[in-house]
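Student: take this sequence and fold it.
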Amino acid sequence: MLPILLNLTGKCVLIVGGGTVGRRKARAAIAGGATVRVVALEPRPEGWTAIEWLHEPYREEQLVGVALVVAAATADVNERVVRDARRRGVWVNSATDPAVGDFALPAVVRRGELTIAVNTGGAAPALARRIREKLETEFDDTFATWVRLLDAIRSLAHERVPDPARRRDLLDGFADWPWLERLRAEGEAAIWRAMLERVG
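Tutor: Next up is the predicted model:
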């Protein structure tokens, strides 16, 4: 498989199945910016008001206007969803048989604009989850701040540093681990000032 990050903003993702797996996949799609439609025999969970929840059996017509579909129901329903999605040219993921789908949904750690994805090709979802849990402790919220600062200083460096080699060296240096440790020790404002001094 080719690892890829999709921009789902404004796109509709259909989740078939409203159990534990379906709800988890729905949350992942929402985190990815998608508009989510759930088709499920399970009732809408309390507080799930921001998504379209169709409390009814799956039908092929529900694929109309959908960019991606996740089949997270029973094996026989998932098989129908995969078949229907393929016929309509819609990318599909099957929770019961990942090998028949077009894409996988990895275990994900998000820290602001930093996204770390872990996938075992469906061979060991529990291991992917444990790796994600380990990464969550190692990549704290400071990484979100660091990425935001790196984005801002990159824009300024392109404006103020005409020499490409010097600019590349500066940006490479800012992305090195000592800057993360300084950020933790000194705080965001101090690190921003230090970066500005280096850029000039």
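Student: in space, what's closest to residue 161 - neighbours in sequence excluded?
Tutor: Using CB to CB, 6 or more residues apart in numbering and skipping the chain neighbours, the partner closest in space to residue 161 is residue 167 (4.2 Å). No exception for glycine: its C-beta is placed from N, CA and C like everyone else's.
Student: secondary structure element holding residue 179?
Tutor: Secondary structure assignment for residue 179, by DSSP states H and E: helix 177-186.
Student: one step back: which parts of the helix or strand hosting the residue nearest to residue 161 are buried?
Tutor: Under DSSP H and E, the secondary-structure element containing residue 167 is helix 164-174. Of the residues in helix 164-174, those with enough neighbours to count as buried (16 or more other CB atoms under 10 Å) are 167, 170, 171, 174.
Student: mind listing what the residue lying closest to residue 57 once chain neighbours are set aside touches?
Tutor: Once its chain neighbours are removed from consideration, residue 57 has its nearest residue in residue 41; the separation is 6.6 Å (CB to CB, 6+ apart). Residue 41 makes contacts with 18, 55, 56, 57, 73, as judged by CB atoms under 8 Å, 6 or more residues apart in numbering.
Student: who touches stretch 95-110?
Tutor: 1, 4, 17, 21-22, 25, 28, 31, 68, 70-72, 74-75, 78-79, 82, 91-94, 115-119, 121-122, 125, 128-129, 131-132, 135-136, 139.
Student: that stretch: end-to-end distance?
Tutor: Length of stretch 95-110, first residue to last, CA to CA, to the nearest Å: 22 Å.
Student: over to stretch 88-104?
Tutor: End-to-end distance of stretch 88-104: 19 Å, with CA to CA as the criterion.
Student: picking up where we left off before, biggest separation within the buried residues of helix 164-174, which pair?
Tutor: Across the buried residues of helix 164-174, the two members that end up farthest from each other (CB to CB) are 167 and 174, 10.9 Å apart.
Student: do you know the pLDDT at residue 4?
Tutor: With respect to pLDDT, residue 4 scores 87.
Student: distance of the residue nearest to residue 161 relative to residue 199?
Tutor: Spatial separation of residue 167 from residue 199 under the definition CB to CB, to the nearest Å is 9 Å.
Student: now swap in residue 44 and tell me
Tutor: To residue 199, residue 44 is 51 Å away according to CB to CB.
Student: which one's more surrounded, these two?
Tutor: Set side by side, residue 44 and residue 199 show unequal neighbour counts under other CB atoms under 10 Å, the larger going to residue 199 at 18 against 15.
Student: what's the spacing between residue 110 and residue 1?
Tutor: 21 Å.
Student: between the two, which one's more packed in?
Tutor: Neighbour comparison, residue 110 and residue 1: the larger count goes to residue 110, with 15 against 12 (by other CB under 10 Å).
Student: what separates whichever strand or helix holds that one from the chain centre, distance-wise?
Tutor: Under DSSP H and E, the secondary-structure element containing residue 110 is strand 107-111. Centroid displacement of strand 107-111 relative to its chain, using CA atoms, centre = their mean, to the nearest Å, is 7 Å.
Student: sheet partners, orientation included, of that strand?
Tutor: Its sheet considered, strand 107-111 pairs with strand 114-118 (antiparallel) by DSSP bridges.
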